[in-house]
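Peer 1: curious how this folds, go ahead:
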Amino acid sequence: MINEDRRKVIQTLFGEGKKKKEIARLLNLTPKTIRRILAGSNRQPELRSDKRVIDEEFLRGLYERCDGYVQRVHEILSDEEKIEIGYSTLSRMIRCYGIGRKVNKRCYQVGDQPGVEMQQDTSPYKLKIGNEVKLVICSGLYLRYSKMRYIKFYPHFNRFKMKCFFYEALTYWGYAAKTCVIDNTNLAVLHGTGSEAVYNPEMIAFARPYGFEWFAHEKGHANRKAGKERNFWTVETNFFPGRRFESLEDLNRQAFEWATSHYARRPLSRTRLIPASLFEEEKPCLVKLPAYVEPPYQPHQRNIDQYGYIAFNANYYWIPGKLRGNVSVIEYTDRIKIFPPNKPPIEYALPALKTRNQKFTPQGAQTNPYEPSNIKKPCHEEEKRLRSLGETCCAYLDFIRSNNSGIRQKPNFIRQLYGLSRNIAPSVFMIIIQRALKYHVGNIETLRRISRQLMREEQYSLPGITLTGDYEQREAYQQGRFSQEAAPEFYKNLITDKEVPGKENE
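Peer 2: This next block holds a predicted model:
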């Protein structure tokens, strides 16, 4: 379509004596188009007589009434208002009026003022920790004026972890800014976004002792916390390269040293200012924390089993005495407190994150000889000895470990399989494994029936037993060394006066 400005150019060139073909060549148009424009230059533009015009306010109200569904707006116009209009024309008219479209406002810059603002955000990373690649969440806090930062990594991040992170960072600094800029995370925002955000009352109460308020930036305006976004880029380009992490605890230790010692005392690339020095200047403008701030915690309820243990985070903690029933457990960032009824609380330090299936007793308490009722018994030693019997046994154990075996309690099955291997001759056991692997047998009772059937056949006789005095060097004696034995004090209480021979006649 030729616009009005180009039509005037064509008429001007033609008035100066240019030929039509020359004008077409200059403007990259066809001579036919030039002739049509020049022929119609004296005509008045015609107005469409069938053009539909709908009042903007009426159309805007109808759009809100239909919750933004243009198809429904088109139906109401045709059925109720008797206005015949094409769907494409209606949709174009709605776009031209800007109905249903959020106005994209211009961004504005906020100056760096001492003590006014700090920024918090999280970012996921895949890092090689030890010999495994794991997904971790990096949480960072950033003081906008002094450029001080605090980072920590978590295997998962929730509201309690967020509280613990703020507690650790702000108590380390001893100060807090008046406003904390965050994105519209549901950990702090109850509903709404940006200026319309309504914050969770729990998080408002948490921020009150520290003296700051939450501020969620507008949706899509991540540059409002550009300092924190830049902090993640610095972590990716300055902290991660050339470092090795043995565990999550080692990762957090190095991150703490890098953020609080190395980076805080290094001059910034542009201004050549040192964050630690700026932080000392900013302190009078920041909110000083009280002498004591209660650490964040979350309550739990646990049941004491018949042996005095409670389960918490895949580990077991012993409560001395004879208590049973439910107890209250308070979890802090680095420890737990157990509150038995009518007794002083028992405090345990939380172990490393990878610690699983371990027993813990209070410091100075007598060791409990019993095992927790739900403790998982590992089968690593039994599986290792079974795999040493040959490739056939290794292949069968791989089948047992796979999802196709249908076995839910695989460690228990492996222990029972190892017990079966100790009760029958090795030649008979290998035939059983061959049949089990061929027919995909995953039932220990079936394997025992196969063993009894083979033992009844004459060609499989029991091996002879040679009696010697060096029993400590026997293989069976050596294999029993990984089994747990009860403490000697455990057996003293089992013998009563009635069980001692000769007591009945006295």
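Peer 1: and the strands in the stretch 201-350 of the chain?
Peer 2: 213-216, 287-288, 298-304, 309-312, 315-318, 325-331, 335-339, 346-349 (DSSP state E, counting those that start in this stretch).
Peer 1: mean pLDDT added to these, as CSV?
Peer 2: Below are these laid out as CSV (pLDDT from 0 to 100):
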stretch, mean pLDDT
strand 213-216, 92
strand 287-288, 92
strand 298-304, 93
strand 309-312, 90
strand 315-318, 90
strand 325-331, 92
strand 335-339, 93
strand 346-349, 91
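Peer 1: which one of those is the most hemmed in?
Peer 2: strand 315-318 (a mean of 22; mean count of other C-beta atoms under 10 Å). C-beta: built from backbone N, CA, C; applies to glycine.
Peer 1: packing partners of that strand?
Peer 2: For strand 315-318, the elements it packs on are strand 309-312, strand 359-360, judged by 3 or more C-beta pairs under 8 Å, 6 or more residues apart in numbering; DSSP states H and E.
Peer 1: dump the strands of the stretch 201-350 of the chain to TSV, plus distance to residue 357.
Peer 2: Conversion of the strands of the stretch 201-350 of the chain to TSV gives the following (distance: least, C-beta to C-beta, whole Å):
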stretch	distance to residue 357
strand 213-216	40
strand 287-288	44
strand 298-304	16
strand 309-312	10
strand 315-318	7
strand 325-331	18
strand 335-339	17
strand 346-349	16
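Peer 1: for residue 206, which of the ones you listed is the nearest?
Peer 2: With C-beta to C-beta, the closest approach to residue 206 among the strands of the stretch 201-350 of the chain belongs to strand 213-216: 9.8 Å.
Peer 1: tell me what the closest one is packed against?
Peer 2: Packed next to strand 213-216, using 3+ C-beta pairs under 8 Å, 6+ apart, are strand 179-182, helix 201-207.
Peer 1: with adjacent residues omitted, what lies nearest to the residue positioned nearest the centre of the chain?
Peer 2: Centroid check for the chain by C-alpha atoms, centre = their mean gives residue 156 as the closest residue, at 3.5 Å. Nearest residue to residue 156, sequence neighbours excluded (C-beta to C-beta, 6 or more residues apart in numbering): residue 137, at 6.7 Å.
Peer 1: host element of that neighbour?
Peer 2: strand 132-143 (DSSP states H and E).
Peer 1: what comes into contact with stretch 10-18?
Peer 2: Contact with stretch 10-18 is made by 20, 23, 26-27, 34, 37-38, 41, as judged by C-beta atoms under 8 Å, 6 or more residues apart in numbering.
Peer 1: got the CA coordinates for that stretch in PDB?
Peer 2: Written as PDB, here are the backbone C-alpha positions of stretch 10-18 (Å, rounded to 0.1, in the frame of the first residue of the first chain):
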ATOM      1  CA  ILE A  10       5.400  10.900  -7.200                       C
ATOM      2  CA  GLN A  11       3.300  14.000  -8.000                       C
ATOM      3  CA  THR A  12       6.200  16.300  -7.300                       C
ATOM      4  CA  LEU A  13       8.600  14.400  -9.500                       C
ATOM      5  CA  PHE A  14       6.000  14.200 -12.300                       C
ATOM      6  CA  GLY A  15       5.400  18.000 -11.900                       C
ATOM      7  CA  GLU A  16       9.200  18.600 -12.400                       C
ATOM      8  CA  GLY A  17       9.100  16.900 -15.700                       C
ATOM      9  CA  LYS A  18      10.200  13.400 -14.900                       C
END
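Peer 1: for residue 122, see how far away residue 313 is.
Peer 2: For residue 313, the distance to residue 122 (C-beta to C-beta, to the nearest Å) stands at 22 Å.
Peer 1: same question for residue 245.
Peer 2: Distance of residue 245 to residue 122, given as C-beta to C-beta: 19 Å.
Peer 1: name the nearest residue to residue 9, ignoring sequence neighbours.
Peer 2: Take residue 9 and drop its neighbours on the chain: the residue closest to it by C-beta to C-beta, 6+ apart is residue 27, 7.2 Å away.
Peer 1: now for that neighbour, how many residues are close by?
Peer 2: Other residues near residue 27 number 15, with proximity taken as other C-beta atoms under 10 Å.
Peer 1: ok, the one 10 residues further on next?
Peer 2: By the measure other C-beta under 10 Å, the count of residues near residue 37 is 18.
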